[in-house]
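# please find the sequence and the predicted model below.
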Amino acid sequence: MSTIKTPQQKKELSLERDRRNTYGENAKASRNSIPKSKQRSRQSERRSAKVPLQAVRGAVTEEIAENSGIESRLDAIEKRRRAFKKRPDQPLGLVLDVKSKSNKNSLKAYGDLVDRKRRGLL
């Protein structure tokens with residue numbers, strides 16, 4: 001049997017746990033945009049790693065690699081790499097709270113309001 005007893009407790013937990021997309025685009029568009037964004041970030045990583053390797057052609061020994069600084073350049077690229085991170089959806093209670101206060105805002109401003117509310121700035 002469930003530990004949640006009253007309808008009020010159920011409603012409170014629902015508002016905390018349920019999530020809504022406030023990014024500002026069609027909710028179904030994230031099915032396409034998330035994989036594409038991941039793909040773009042990975043492509044840029046591969047391209048940036050390819051540049052130092054193009055400078056050296058043919059068989060590369062450890063000695064040549066150390067003298068040309070390829071390893072240090074590849075390490076620097078790996079350190080500054082930023083992978084794609086999905087922006088998390090907002091809790092339903094927070095979304096409804098902000099929505100009730102301001103119905104006239106655009107979707108972009110709406111998402112910003114939810115973020116500020118979540119961080120405790122409002």
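On my side now, so go ahead. Numbers count the residues shown, from 1 in each chain.
# mean confidence for stretch 112-122?
Throughout stretch 112-122, pLDDT has a mean value of 71.
# ok, K36 to A29 distance?
Computed with Cβ to Cβ, to the nearest Å, the distance linking K36 and A29 is 10 Å. Where C-beta positions appear, they are placed from N, C-alpha and C, glycine not excepted.
# by contact count, what packs against the longest helix along the chain?
As assigned by DSSP state H, the longest helix anywhere in the chain is helix 30-54. Packed against helix 30-54, as judged by 3 or more Cβ pairs under 8 Å, 6 or more residues apart in numbering; DSSP states H and E, are the following elements: helix 70-80.
# report the secondary structure element holding T3.
Taking DSSP states H and E as the criterion, T3 maps to no regular element, lying outside all helices and strands.
# state the distance from it to R119.
The gap separating T3 from R119 is 31 Å, by Cβ to Cβ.
# so between those two, which is more surrounded?
When neighbours are counted by other Cβ atoms under 10 Å, T3 and R119 differ, and R119 comes out ahead with 8 against 5.
# run through the protein and note the low-pLDDT ranges.
Per-residue confidence for the chain (pLDDT under 70) gives these ranges: 1-2, 52-81, 102-111, 113, 121-122.
# gap between the closest residue in space to I34 that isn't next to it in sequence and Q9?
In space, and not counting its chain neighbours, I34 is closest to K86: 5.9 Å by Cβ to Cβ, 6 or more residues apart in numbering. Computed as Cβ to Cβ, the K86 to Q9 distance reads 30 Å.
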